[in-house]
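# Need a 3D model of the sequence below.
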Amino acid sequence: MNRSMLITAALFMPAFFMSAQSVGAEDMNSMKGMNTMMKPAATPADKAFVASMKTMMKNMNVKPTGKPDHDFVLMMMPHHQGAIDMAKVELQYGTDPELRQLATGIVTVQEKEIAQMKAWLEKNGK
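Now for the predicted structure:
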């Protein structure tokens, strides 16, 4: 596993497992606590990060079908898109060359993996 994948996994796996366990609106309410961990969005970058997280969490809330492969793909696509969206915020507002390079790699790898998952869904039924 390359460095960008490890960092992405470390950032998102807690949210992924929380989402994977949720099945109803009441469970989504328990995830709202994540918003209180973030400082109020003061800068354009803050607002963009918060928006990307909200979108990702909403889209990861997939009702389980009982088909682990299918559910995995349906939850991972928005998870990867969230990584892309956050990486794009870094590219727009960040200045550290190492992190900008990492963000560029995240976009490339995650887009490829989303395409792979979409192809899997097409092949194996939506």
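
# surely residue 104 meets residue 88?
No: with contact defined as Cβ atoms under 8 Å, residue 104 does not reach residue 88; the gap is 9.8 Å. For glycine as for every other residue, the C-beta is placed from the backbone atoms N, C-alpha and C.

# Residue 69 - nearest residue in space that isn't next to it in sequence?
In this structure, residue 69 finds its nearest non-sequential neighbour in residue 124, 7.3 Å apart by Cβ to Cβ, 6 or more residues apart in numbering.

# burial count for that neighbour?
11 (other Cβ atoms under 10 Å).

# Where does pLDDT dip in the chain?
Filtered on pLDDT under 70, the chain yields the residue ranges 1-41, 126.

# hmm, try it at 50
Scanning the chain for pLDDT under 50 picks out 1, 5-23, 25-30, 36.

# Name the single longest helix found in it.
If you go by DSSP state H, the chain has its longest helix at helix 97-124.

# got the buried residues for that one?
Neighbour counts over helix 97-124 (16 or more other Cβ atoms under 10 Å) mark 102-103, 105-107, 109-110, 113-114, 117 as buried.

# Going by distance to residue 49, which of those residues wins?
Compare each of those with residue 49 using Cβ to Cβ and the shortest gap goes to residue 103, at 12.3 Å.

# where do the strands sit along the protein?
Assigned by DSSP state E, the chain shows no strands.

# ranges for the helices of this protein?
Going by DSSP H, the chain shows helices at 3-21, 25-31, 33-37, 44-60, 68-93, 97-124.

# any idea how far residue 100 is from residue 52?
Taking Cβ to Cβ, to the nearest Å as the measure, residue 100 falls 17 Å from residue 52.

# In CSV: the buried residues of helix 97-124, plus distance to residue 61.
Rendered in CSV, the data for the buried residues of helix 97-124 read as follows (distance: Cβ to Cβ, whole Å):
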residue, distance to residue 61
102, 28
103, 26
105, 28
106, 23
107, 24
109, 24
110, 19
113, 20
114, 18
117, 17
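
# Show me which of those residues is closest to residue 80.
For the buried residues of helix 97-124, the minimum distance to residue 80 (Cβ to Cβ) is 4.2 Å, reached by residue 110.
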